[in-house]
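Novice: My questions concern the predicted model and sequence given below.
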Amino acid sequence: AKMRLLSALLTGVNRAFPYANSTGDELEEQVDFLFKIAHTGTFSTSTQALMLLLHIMKSKNTLSDRFYRALYAKLLSPELLS
């Protein structure tokens, strides 16, 4: 139930982010938490976290190796096959 709520919240933030005229600085302190969700959450919640991380990093023009590591780990996840 908590993961569903978290996924819904992340979906809302992802949809609103492009219209927020934000540079991502407001969410910078949450980046570590978003990476933790990307590695440990369910597939759908992880996807939402990765999408938000992508929005934040693109707004700062900095796509890190850490992002790609989390993305590729999720793509190779056994959850994806089921």
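Specialist: Okay, I see it.
Novice: per-residue confidence at the residue nearest to S64 when sequence neighbours are not counted?
Specialist: Using Cβ to Cβ, 6 or more residues apart in numbering and skipping the chain neighbours, the partner closest in space to S64 is M57 (6.7 Å). Using the backbone N, CA and C atoms, a C-beta is placed for each residue, glycine as well. At M57, the model reports a pLDDT of 90.
Novice: ok, now E28?
Specialist: pLDDT at E28 comes out at 78.
Novice: doesn't I56 make contact with it?
Specialist: Yes: the pair E28 and I56 qualifies as a contact (Cβ atoms under 8 Å) at a distance of 7.4 Å.
Novice: More neighbours: the two, which one.
Specialist: Just comparing E28 and I56: by other Cβ atoms under 10 Å the higher neighbour count belongs to I56, 22 against 11.
Novice: How about the stretch of helix or strand that one belongs to, which residues are buried there?
Specialist: Using DSSP states H and E, I56 sits in helix 43-59. Residues 45-53, 55-57, 59 are the ones in helix 43-59 that count as buried (16 or more other Cβ atoms under 10 Å).
Novice: tell me which strands and helices that helix is in contact with?
Specialist: Where contact means 3 or more Cβ pairs under 8 Å, 6 or more residues apart in numbering; DSSP states H and E, helix 43-59 is packed against helix 2-16, helix 31-40, helix 65-75.
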